[in-house]
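Asks: Model the following, please.
(one chain, ligands or ions: 1)
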Amino acid sequence: MLAGRHRAVAEVDLEAIRHNVRRLMRDLPDGAVHCAVVKADGYGHGAVPAARAALEAGSTWLGVATAPEAEELRAAGFTAPILIFGPLTGAGLERAGKAGAEVVAWSAPFIDEAIRLGVRVHVKFDTGMGRLGVPAHEVRDLCEQAHTGGVLSGLMSHFATADEAEMSFFEKQLGRFAKLAGELKEQYPGLLCHTANSAATLRGPAAHFDMVRTGIAMYGLAPANDDPFKDDLRPAMKFVSHVAGVREAVPGESVGYGRTWYAIELTRIAIVPVGYADGVRRALSNRGEVLVAGRRCPIVGRISMDQMTVKLPDDWGKAGDEVVLFGAAGDGVAGGSTVAWTSPDGPRLDAPETPRILCEETARMLGTINYEVACDVAPRVARRYRGESPAA
Ligand SMILES: *Cc1c(COP(=O)(O)O)cnc(C)c1O
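Replies: Numbering: from 1, shown residues only. Alright, predicted model coming up:
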């Protein structure tokens, strides 16, 4: 039991990541490969351990957003191809080249510079995301330029609505991509065409092409912020602290900054040594819940920078008990597939055998998405890994 041993810990189950990668690769067409997206420190899970687990499970590419992220992977010894998604400055492109990473390109001057540095490029086709990329006729010219310069590697796009139930725009983007990819693959055999993120990957092979790039689902989080278990994904991270102490608040006594909560009867209050500087968002004050030794208890009073307070039942909770911010209680890491949906505004799931709080649930409460809840877990929270491969 880690309760009491660490102040706050993000416990990451690497076997869950391996399971998710195998699950995501299950429906890939023959020859298509998986790019494990480990940007933003592996969505908070730790880029290096997450990358290692993904490669063990069959991923062959790694995806990041910045040049320093690529450097971190190289420093850890990974030799797999790395693709940097984000827009790069001149200095960033140079660092990408030194790290032996490939980059995304959508302008002629940038490709000139990539040719000069010998950095391979994936030309970005804007099929409707309206962010990076250029329309089809410009893509053709850029591919020819990169090809002539000996640096053409791939053609890519990105979906704007792959996680939404309404499919028409997704289909439109997919159609545009399929048409140009087909054309350009004839012209440039070996061109690596890819456009699917997690949501599109889970929709089936039509969007898979030569490679899929999945982040969120690899970590066992649901791309549409609903139920990861319905797609056989396993949440990999558990964010946990412990009860540092219990005190009794007498009627009329308040708890924490601003006196936003006070006792109307004798109430047991747990002090938990984790706060908004650790990634427990202050907006959960007097709103969110945690699992104290497996039982849901409300957060009361304001969440402060380094600690928070939780209301305990009369007969439950003592110093040293585990406090789960999200994840499953106790050792129930994976599983919990028997879910009960009890909240009208989103997932709130109480698997009978494994009490659990989903990132998705916290995200809904905060008006955001699970991506942000995972990325919020701060660097000062210790990462602990389980399911490390014997070879590692
Ligand atoms: C982050 C990112 C992905 C992964 O998206 P998920 O929704 O987390 O699977 C894929 N492609 C690009 C270009 C990205 O920036």
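
Asks: hey, let's count contacts and neighbours off CA atoms from now on
Replies: Fine.

Asks: Which secondary structure element is home to Arg213?
Replies: Assignment of secondary structure by DSSP states H and E places Arg213 within strand 211-214.

Asks: Quickly note the distance from the nearest residue to Leu180 once chain neighbours are set aside to Ala108.
Replies: With sequence-adjacent residues excluded and distances taken as Cα to Cα, 6 or more residues apart in numbering, Leu180 is closest to Ala136, at 7.1 Å. Separation of Ala136 from Ala108 (Cα to Cα, to the nearest Å): 14 Å.

Asks: same question, Glu248
Replies: Distance of Glu248 to Ala108, computed by Cα to Cα: 67 Å.

Asks: Looking at the stretch 51-200 of the chain, which residue is nearest the ligand?
Replies: Closest contact between the stretch 51-200 of the chain and the ligand, by Cα to the nearest ligand atom, is at Ser198 (3.5 Å).

Asks: what sits against that residue?
Replies: Contact partners of Ser198, counting by Cα atoms under 8 Å, 6 or more residues apart in numbering, are 212-218, 223.

Asks: Torsion angles phi and psi at it?
Replies: With angles defined as degrees, to the nearest 10, Ser198 sits at phi -60, psi -50.

Asks: coming back round to it: after the strand holding Arg213 comes which helix or strand?
Replies: Helices and strands here follow DSSP H and E; after strand 211-214, the next one along the chain is strand 237-242.

Asks: ok, back up a step: anything in the strand holding Arg213 near the ligand?
Replies: Yes. Strand 211-214 comes into contact with the ligand (Cα under 6 Å from any ligand atom), by way of 213-214.

Asks: State the mean pLDDT of that strand.
Replies: Mean pLDDT, taken over the full extent of strand 211-214, equals 98.

Asks: just checking, what packs against that strand?
Replies: Applying 3 or more Cα pairs under 8 Å, 6 or more residues apart in numbering; DSSP states H and E, one finds that strand 211-214 contacts strand 33-37, strand 192-196, helix 198-202.

Asks: Now do the buried residues in the last one.
Replies: Residues of helix 198-202 classed as buried under the neighbour-count rule (16 or more other Cα atoms under 10 Å) are 198-202.

Asks: So which bits of this structure are right by the ligand?
Replies: Counting by Cα under 6 Å from any ligand atom, the residues of the chain close to the ligand are 37, 85, 158, 197-198, 213-216.

Asks: From these, list just the buried residues.
Replies: 37, 85, 158, 197-198, 213-216.

Asks: just to revisit the earlier point, the strand holding Arg213 pairs with which strands, parallel or anti?
Replies: As defined by DSSP bridges, the strand partners of strand 211-214 come to strand 33-37 (parallel), strand 192-196 (parallel).
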